[in-house]
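Colleague: Return a 3D structure for these sequence lines:
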Amino acid sequence: LLAVIGVWMMVNERWLGEVRPFMTCTFFIYATHFVVVRFLNKAAALLFPGSQLVSMFMYVCMPLLAVTLCYQAARVLRRYRPDIWKTLNGGR
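Modeller: Down below sits the predicted model:
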């Protein structure tokens, strides 16, 4: 624990950059990305059975797709259903 705290204290805050909008939803993205990944994998397998090219494309692009879809879901929930947003996000 002290090693982690020591490394954290050595990081220069100027290296970190600005907080981007999706960074305010990191817990929600962490908690929901698996559902999105499973859905996209299943949909790709149904639409393109046995395609190694599609599998490779999904493997490479999945992080961007999952984060984008989760972030958009967070924006919609935050705007139109803040009560559900607070529940799913742990009141953060």
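
Colleague: And the helices in the chain?
Modeller: Assigned by DSSP state H, the helices in the chain fall at 2-10, 26-47, 52-80, 82-88.

Colleague: export those to TSV and tack on mean pLDDT and mean neighbour count?
Modeller: In this view, the C-beta of every residue, glycine as well, is placed from N, C-alpha and C. TSV is the format used below for those (pLDDT from 0 to 100; neighbours: other CB atoms under 10 Å):
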stretch	mean pLDDT	mean neighbour count
helix 2-10	87	8
helix 26-47	92	14
helix 52-80	93	14
helix 82-88	88	13
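
Colleague: Tell me which of these lies nearest to Glu18.
Modeller: Among the helices of the chain, helix 26-47 comes nearest to Glu18, with 15.0 Å by CB to CB.

Colleague: List of residues touching that closest one?
Modeller: Contacts to helix 26-47, defined as CB atoms under 8 Å, 6 or more residues apart in numbering, come from residues 22, 54-55, 58, 62, 65-67, 69-71, 73-74, 88-90, 92.

Colleague: switch to 10 Å and redo it
Modeller: 22-23, 25, 51, 54-55, 57-59, 61-63, 65-71, 73-74, 77-78, 85, 88-90, 92 (CB atoms under 10 Å, 6 or more residues apart in numbering).

Colleague: quick one: that helix to helix 52-80, angle?
Modeller: On the basis of axes from the mean of the first three to the mean of the last three CA atoms, to 10 degrees, helix 26-47 is oriented at 140 degrees to helix 52-80.

Colleague: can you put the helices of the chain in CSV and add distance to Leu16?
Modeller: What follows is the helices of the chain, written out as CSV (distance: least, CB to CB, whole Å):
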stretch, distance to Leu16
helix 2-10, 11
helix 26-47, 14
helix 52-80, 19
helix 82-88, 26
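
Colleague: Now do the contacts for Tyr59.
Modeller: Per CB under 10 Å, 6+ apart, neighbours of Tyr59: Asn41.
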